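1. I'd like to go over a predicted model; first the sequence, then the structure.
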Amino acid sequence: MVARAAAALALVAACSGKPRTDEPPPALVRGDAGPRDAVTAPPTAVRATGDLQIRVEWPDVPVAARSSPGRTPCNTPRAPSVAPTTTWGVPDALVIVDGAPAAPAGVARVTLADCAVTPRINVGATLEITSAADRPATLNLRKRGSLAALAAGAPIAVQLPIAGHTVTTTLDAGAIYSIETEAPDPEVAFVAAVPGAYLTEANGQLTIHGLSVGPHAVTAWLPPRAGQPARTGRATATITANDLAEVTVRLAP
């Protein structure tokens, strides 16, 4: 009798150490490895883009366009319409690429000194004019419309009473503005409040990153100044994914 009881207890002890096959497996918690909890995130769509190097040139620039047209009322030499490189690259030309990513809305800062406004072309959503002149001065700000239809624009007087005085104004998006000195033959600077507008560097080139794949129209513009009319050039660049395309835009003579 005692022997039977001991055997029964031994059998119960042995069975209690085995997992029950009728119980469900423990639930997997976050972080457990297992085929049922593997979650694959959907792939993120990556837009195919490429880069574009633009060169603006004006072969055989006429002497009149690259020569000083005289002197300012401050008796300083007036800047020529264009100062090309030795290979006819055009610095400080305005470039607009259709479909280009918009540049950050920046501030176009210009300075009046020696009866001239510098730089003579700039881009930005806000215009900041500072005087470095040693006498009171007045500039005329004109909204010239768009690049496709440049208008005369009514002048708005900007008073600069002392050196260091700064005037700031917000510009209308997409518009071109001119800033002119008060003189019979005024010195003129331009500001483009055009999203995605760029300026060529000293070598007449610039590079734009992150353009979508496909064709893009490119427009280059040299403003009217120093007695010379505006010059415009157009071209089309084709962008391929993860590659650098190159295009040369020639200004019309």
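-> Ah, there it is.
2. Now do the strands in the stretch 51-200 of the chain.
-> All strands of the stretch 51-200 of the chain, identified by DSSP state E, counting those that start in this stretch, fall at 94-97, 107-113, 116-118, 121-123, 126-131, 137-143, 155-160, 166-170, 176-181, 188-192, 197-199.
3. in its sheet, what does the first one sit against?
-> It refers to strand 94-97. Sheet pairing here is set by DSSP bridges, and for strand 94-97 it gives strand 197-199 (antiparallel), strand 214-222 (antiparallel).
4. Tell me which of the ones you listed lies nearest to Gly145.
-> Nearest to Gly145, of all the strands paired with strand 94-97, is strand 214-222, at 13.3 Å by CB to CB. No exception for glycine: its C-beta is placed from N, CA and C like everyone else's.
5. distance between that closest one and the chain's centre?
-> Its chain's C-alpha centre and that of strand 214-222 lie 14 Å apart, by CA atoms, centre = their mean, to the nearest Å.
6. what is the orientation angle of that strand with strand 188-192?
-> 160 degrees (axes from the mean of the first three to the mean of the last three CA atoms, to 10 degrees).
7. Just the buried residues of strand 214-222, please?
-> Neighbour counts over strand 214-222 (16 or more other CB atoms under 10 Å) mark 216, 218-222 as buried.
8. Let's have the strands of the stretch 51-200 of the chain in CSV, adding mean neighbour count, distance to Trp58 and mean pLDDT.
-> CSV is the format used below for these (neighbours: other CB atoms under 10 Å; distance: least, CB to CB, whole Å; pLDDT from 0 to 100):
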stretch, mean neighbour count, distance to Trp58, mean pLDDT
strand 94-97, 22, 14, 94
strand 107-113, 18, 24, 95
strand 116-118, 20, 21, 94
strand 121-123, 23, 15, 95
strand 126-131, 19, 27, 96
strand 137-143, 18, 26, 95
strand 155-160, 14, 30, 95
strand 166-170, 12, 32, 95
strand 176-181, 22, 20, 96
strand 188-192, 25, 17, 95
strand 197-199, 20, 16, 93
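9. Which one, of the ones you listed, ends up nearest to Arg66?
-> The nearest among the strands of the stretch 51-200 of the chain, by CB to CB, is strand 121-123 at 16.4 Å.
10. Can you list the strands that that closest one pairs with?
-> Here strand 121-123 is paired, per DSSP bridges, with strand 188-192 (parallel).
11. Domains in the chain, by residue range?
-> Split into domains by automatic domain parsing, the chain comes to 46-101+196-253, 104-195.
12. closest one to Thr232 among the strands paired with strand 94-97?
-> Using CB to CB, the strands paired with strand 94-97 put strand 214-222 closest to Thr232, at 5.3 Å.
13. Spell out the residue ranges of the helices in the stretch 1-150 of the chain.
-> Under the criterion DSSP state H, counting those that start in this stretch, helices of the stretch 1-150 of the chain are mapped to 2-16.
14. shaky segments in it?
-> Applying pLDDT under 70 to the stretch 1-150 of the chain flags the ranges 1-46, 103-104.
15. The same query, at a cut-off of 90, please.
-> By pLDDT under 90, the low-scoring segments of the stretch 1-150 of the chain are 1-48, 99-106, 133-135, 146-150.
16. ok, now which ones touch the nearest residue to Tyr177 once chain neighbours are set aside?
-> Setting aside the residues directly before and after it, Tyr177 is nearest to Val191 in space (CB to CB, 6 or more residues apart in numbering), at 4.7 Å. Contacts for Val191 (CB atoms under 8 Å, 6 or more residues apart in numbering) come out as 108, 110, 121-124, 127, 171, 176-179.
17. and the gap between Val191 and Pro184?
-> Distance, Val191 to Pro184, using CB to CB, to the nearest Å: 23 Å.
18. Likewise for Pro69?
-> From Pro69 to Pro184 the distance is 13 Å (CB to CB).
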